[in-house]
Structures are given as structure tokens and as C-alpha cells.
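Asker: Here is my input; please provide its structure:
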Amino acid sequence: MGIGISVNEGAWAGAISVFALIAALAIAYGYRRHRSVGPVGLAVVGAALVLWAMYGEYSRAVEVAGFAALVVAALWDWREKRRLSRP
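Answerer: Take a look at the predicted model:
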């Protein structure tokens, strides 16, 4: 009764990589406003971990750590932007 979808692994890895890079670039764009290098550095590390997991030696732990770093960097970036918008 289940439905299975066959997805090309190369296309899937490419899509994941593109979205990880877009996330890192979006966080880097926030640097112009808040001038905090921390979120950008963490985003770059996160994207690098995801790319390593996709194209280097695959490890689920490395991939999850990369995604976690991107999430924390995005939250940190959001917090920095919010801090600046307060009166």
C-alpha cells in the first residue's frame, strides 16, 4: 500500500548542496546589516560540512551536524538583526 518514489541520488545531492549554499549566502548577506561575523562563520562551516557529506566521504553524523550548524547560524543571524531593530 505504500508509494515509492525513485529519485536520482546525484540530483538529490545537488539539490541539497544548492539549498545549503543558498542558506549560507543568505546569512552572509545579513552581515552587511549587523556586522557580526559569528553567524556567517558558522554558516560557512555548516555548508562545508553538508558539501563534504554529499561529495566527500558520506557520514550521516557530518550531514546532520552541517544542517544543525546552518539552523543555529540562521537563528543567530535573525537574533542579531532583531537586536539592531530594537529602539
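
Asker: if I look at the residue nearest the centre of the chain, how far off is residue 17?
Answerer: Centroid-nearest residue in the chain: residue 70, 3.6 Å away (criterion: CA atoms, centre = their mean). Distance, residue 70 to residue 17, by CB to CB, to the nearest Å: 12 Å. Glycine gets a C-beta too; all of them are placed from N, C-alpha and C.

Asker: List the contacts of stretch 24-42.
Answerer: By CB atoms under 8 Å, 6 or more residues apart in numbering, the surrounding residues in contact with stretch 24-42 are 43-44, 46-47, 69-70, 72-74, 76-77, 80-81, 83-84.

Asker: what's the answer for stretch 76-87, then?
Answerer: Counting by CB under 8 Å, 6+ apart, 27, 30, 33, 34, 36, 38, 39, 40, 42, 43 sit against stretch 76-87.

Asker: 6 Å - rerun?
Answerer: Stretch 76-87 is contacted from outside by 27, 30, 34, 36, 39, using CB atoms under 6 Å, 6 or more residues apart in numbering.
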